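[1] Output the structure for:
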Amino acid sequence: MLTRRIIVLTKELNSVYRTLGIDKKILDYSQEIENNLKERFAKIDRIAEFNQLKVLKAMQDNRLSDIHFAATTGYGYNDIGRDTLEKVYADIFHAEDALVRPQLMSGTHALTVALAGNLRPGDELLSPVGKPYDTLEGVIGITESRGSLAEYGITYSQVDLLPDGGFDWEG
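    Next comes the predicted model:
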């Protein structure tokens with residue numbers, strides 16, 4: 001029964017492809033490519049399944065339930081939903097803690113908050129892996145920018161990686 005249904009669906013699908021003007025040679029070629037990628041797709045599926053199970057386990061371990069989705073005052077005081085979500089994230093990423101907030105708009109924004117919150121005037125920020133990506137240049141003060149860490153007296157130094165990609169321990 002299932003095999004018969006698959007055959008019917010395949011015929012219907014081929015009919016749609018013909019109606020759309022998609023040549024059988026193209027379909028056969030795409031099927032060949034897809035068959036060659038089956039191992040890769042299977043690996044991606046295994047990773048996705050592992051990650052999904054990891055998320056579900058973290059939700060269960062932190063006893064996430066409908067109460068965590070209830071509305072709050074908006075001030076964030078005693079927000080059990082937010083606090084639980086952050087515990088879930090920390091478990092998923094094997095972290096000590098997590099900060100999951102809609103107010104953090106991007107990775108650059110999160111890094112800016114972390115750097116500004118931890119560095120003080122007179123401190124030095126050292127990058128042992130070379131220059132950071134371009135969106136952090138203004139934040140640090142590599143390029144002139146109002147409100148940068150450099151403007152607050154925080155210096156920046158970098159040590160480039162060696163040609164083989166290793167650390168320059170002497171640098």
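
[2] For stretch 118-135, list the C-alpha coordinates in CSV.
    What follows is stretch 118-135 as a C-alpha-only set of coordinates in CSV (Å, rounded to 0.1, in the frame of the first residue of the first chain):
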residue,chain,number,x,y,z
ASN,A,118,34.4,44.4,32.5
LEU,A,119,37.1,46.8,31.3
ARG,A,120,38.0,50.0,33.2
PRO,A,121,40.1,53.1,32.3
GLY,A,122,43.7,52.1,32.3
ASP,A,123,43.0,48.4,31.3
GLU,A,124,44.4,46.9,28.2
LEU,A,125,42.4,44.6,25.9
LEU,A,126,44.6,42.1,24.2
SER,A,127,43.6,40.0,21.2
PRO,A,128,46.0,37.0,20.8
VAL,A,129,44.4,36.0,17.5
GLY,A,130,44.9,39.2,15.5
LYS,A,131,42.5,41.9,14.5
PRO,A,132,38.8,41.4,15.5
TYR,A,133,36.1,41.5,12.9
ASP,A,134,35.2,44.9,11.4
THR,A,135,32.1,45.6,13.5
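
[3] quick check: mean pLDDT across that stretch?
    Mean pLDDT, stretch 118-135: 95.

[4] how far is it from where the chain is centred?
    The chain centre lies 22 Å from the centre of stretch 118-135; the measure is CA atoms, centre = their mean, to the nearest Å.

[5] in that stretch, what's buried?
    119, 125, 132 (16 or more other CB atoms under 10 Å). C-beta: built from backbone N, CA, C; applies to glycine.

[6] do stretch 92-104 as well
    So stretch 92-104, judged by 16+ other CB under 10 Å, has zero buried residues.

[7] Out of the buried residues of stretch 118-135, list just those in strands.
    Applying DSSP state E to the buried residues of stretch 118-135, the entries found in strands are residue 125.

[8] how far away is the residue nearest the centre of the chain from residue 156?
    With distances taken as CA atoms, centre = their mean, residue 107 lies nearest the centre of the chain, 9.1 Å away. Going from residue 107 to residue 156 by CB to CB, to the nearest Å gives 19 Å.
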